[in-house]
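1. predicted model and sequence follow; I will ask about them next.
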Amino acid sequence: MKIAIVTTGDEIMSGNVVDTNSAWLADKCWMLGHEVVWHGGVADKEDTIIDACKLAGERAEVVFVSGGLGATLDDITLSAAAKGFGKKMVLREDIWNDIQAFFKKVGRECTENNKRQAYIPEGGKPLANRVGTAPGVQVKFGKAVFFFLPGVPKELYQIFNDSIFSWLKEKSAEVAYSQKFLKCFGLPEASFDERIKGISFKDIRVSFRVSFPEIKIKIVARGRDGAKKMEKAEEAIKNRIGQYIFGADEDTLPSIVGGLLKKKGLKIAVAESCTGGMISNMLTNISGASEWFERGVISYSNRSKIDVLGVKESIIKEYGAVSRECAIEMAEGIRKLASVGIGVSVTGIAGPSGGTKDKPVGTVHIALAVGKKTLNEHHIFSRDRESFKMFVAYCALDMIRKSLL
């Protein structure tokens with residue numbers, strides 16, 4: 001079917017809130033074999049909502065409208081659409097009872113203005129909202145079936161998955177079998193694209209998504225034999241760029257590292273300078289990290305590197321705190337201090353100040369003490385401080401991952 005999506009909200013039009021709902025809905029519809037032919041965004045104004053809904057209804061068989069189902073005066077999406085198509089708004093006592101019960105359950109006062117959410121266009125079908133108070137609504141306006149959904153993403157997702165997914169699936173001539181994300185790190189998007197060039201992806205859709213610092217390769221297969229097609233495509237991609245793929249779908253780089261450490265029966269300790277504790281934070285966000293994470297030290301100053309990690313003062317004087325030599329001593333020092341199998345360290349210049357001709361802003365040295373050797377890497381990544389820290393943390397984690405494979 002042809003599908004249109006309308007997003008409402010002054011906050012969307014002003015740029016204060018990014019419209020992620022349209023992208024999410026479009027992706028789900030495409031996966032189910034439907035064609036999204038039009039997107040539109042409008043402010044919380046009656047005439048513009050009416051115009052957008054009418055235009056969408058002319059262009060598509062199914063229209064999704066998100067936003068404006070709340071209890072405040074600017075939540076006018078349903079009433080505006082009903083007016084535009086000549087439908088009355090009717091009070092549904094069952095919805096009103098559900099709203100009052102919801103407020104009682106969460107221990108909050110239910111005010112009279114919440115009753116606005118119990119009105120839906122005549123002939124409409126309420127779609128249960130288990131996360132919030134405003135139900136979704138399915139109603140036919142003209143030749144198109146409209147689905148009105150809350151603007152809050154988690155509410156929209158729940159209503160779609162519970163009440164709309166199956167409906168759309170039944171009306172699809174060819175349902176996409178499945179999709180998979182391969183998560184990658186270590187090369188820019190263009191390089192990944194170049195490496196898989198020439199692979200035959202017949203009946204398979206392969207696309208890239210950048211979610212800094214990760215690159216996600218999305219594989220989608222349609223038809224009943226989609227699983228086999230997807231497996232072949234995945235195998236072909238891994239043969240080209242396998243070392244840069246760290247996981248799939250819901251995997252995270254820290255969780256992969258944690259899983260490998262647990263499997264190997266190793267514990268790790270981290271010495272961080274320029275990342276300020278980010279690596280330790282990412283690792284300890286993994287449930288069960290206490291089994292393999294021993295400690296993290298933020299050795300930001302030169303004195304702390306010397307006093308806590310045992311870095312020789314002569315090393316810092318001769319090579320500087322941001323150097324291969326200092327990073328190696330930091331990694332070996334934290335490993336010895338914590339009596340663990342792996343010690344990792346990072347030291348760099350996050351900027352925007354502090355750089356020199358020999359060591360520009362973005363310079364970083366990473367060291368990994370493991371077994372009888374100490375590995376090291378050197379990068380220059382000149383971005384804003386937050387991006388720099390995230391990039392360095394990923395480099396360190398990926399270095400650990402590769403050492404454990």
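-> In hand now; what should we look at?
2. okay, the nearest residue to residue 402 once chain neighbours are set aside: pLDDT?
-> Nearest residue to residue 402 in three dimensions, chain neighbours excluded: residue 243, at 7.4 Å (CB to CB, 6 or more residues apart in numbering). Glycine gets a C-beta too; all of them are placed from N, C-alpha and C. What the model reports for residue 243 is a pLDDT of 92.
3. ditto for the one 4 residues further on
-> Each residue has a pLDDT score; the one for residue 247 is 96.
4. return the distance of it relative to residue 253.
-> 7 Å (CB to CB, to the nearest Å).
5. joint contacts of the two?
-> residue 183 (CB atoms under 8 Å, 6 or more residues apart in numbering).
6. and the residue nearest the centre of the protein?
-> The residue lying closest to the centre of the chain (CA atoms, centre = their mean) is residue 211, at 7.1 Å.
7. run through the bridge partners of that residue.
-> Beta-bridge pairing for residue 211 (DSSP bridges): residue 214.
8. how much space is there between the residue nearest to residue 402 and residue 195?
-> For residue 243 relative to residue 195 (CB to CB), the value is 11 Å.
9. so how far is the helix-or-strand element of the chain with minimal mean pLDDT from its chain's centroid?
-> Within the chain, no helix or strand scores below strand 176-184, which has a mean of 81 by mean pLDDT, DSSP states H and E. Mean-position distance between strand 176-184 and its chain equals 14 Å (CA atoms, centre = their mean, to the nearest Å).
10. now stretch 254-270
-> Relative to the chain's own centre, stretch 254-270 is displaced by 23 Å; criterion: CA atoms, centre = their mean.
11. low-confidence ranges in the stretch 301-405 of the chain?
-> For the stretch 301-405 of the chain, no stretch is flagged by pLDDT under 70.
12. for it, just list every one of the strands.
-> Secondary structure of the stretch 301-405 of the chain, counting by DSSP state E, counting those that start in this stretch: strands at 342-348, 363-370, 373-380.
13. same check on the stretch 51-200 of the chain?
-> For the stretch 51-200 of the chain, the strands defined by DSSP E, counting those that start in this stretch occupy 62-66, 89-91, 119-121, 125-127, 136-141, 144-149, 176-184.
14. indicate which one of these is closest to residue 24.
-> Nearest of these to residue 24, taken as CB to CB: strand 62-66 at 9.5 Å.
15. so how far is residue 235 from the residue nearest to residue 237 when sequence neighbours are not counted?
-> Distances taken as CB to CB, 6+ apart place residue 196 nearest to residue 237, at 5.6 Å, with adjacent residues excluded. As defined by CB to CB, residue 196 lies at a distance of 12 Å from residue 235.
16. again with residue 394
-> Residue 394 is 25 Å from residue 235, where distance means CB to CB.
17. same deal with residue 111?
-> Residue 111 is 58 Å from residue 235, by CB to CB.
18. CA atoms of stretch 268-284 as PDB?
-> These are the backbone C-alpha positions of stretch 268-284, laid out as PDB (Å, rounded to 0.1, in the frame of the first residue of the first chain):
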ATOM      1  CA  ILE A 268      40.900  -5.700  33.400                       C
ATOM      2  CA  ALA A 269      42.100  -2.400  34.900                       C
ATOM      3  CA  VAL A 270      42.000   0.900  33.100                       C
ATOM      4  CA  ALA A 271      44.200   4.000  33.500                       C
ATOM      5  CA  GLU A 272      42.600   7.000  31.800                       C
ATOM      6  CA  SER A 273      43.900  10.500  31.200                       C
ATOM      7  CA  CYS A 274      42.200  12.300  28.300                       C
ATOM      8  CA  THR A 275      39.000  10.300  28.500                       C
ATOM      9  CA  GLY A 276      38.400  11.200  32.100                       C
ATOM     10  CA  GLY A 277      36.800   7.900  33.100                       C
ATOM     11  CA  MET A 278      34.600   7.300  30.000                       C
ATOM     12  CA  ILE A 279      36.100   3.900  29.300                       C
ATOM     13  CA  SER A 280      35.500   2.700  32.900                       C
ATOM     14  CA  ASN A 281      32.000   4.100  32.700                       C
ATOM     15  CA  MET A 282      31.200   2.300  29.500                       C
ATOM     16  CA  LEU A 283      32.500  -1.000  30.800                       C
ATOM     17  CA  THR A 284      30.800  -0.700  34.200                       C
END
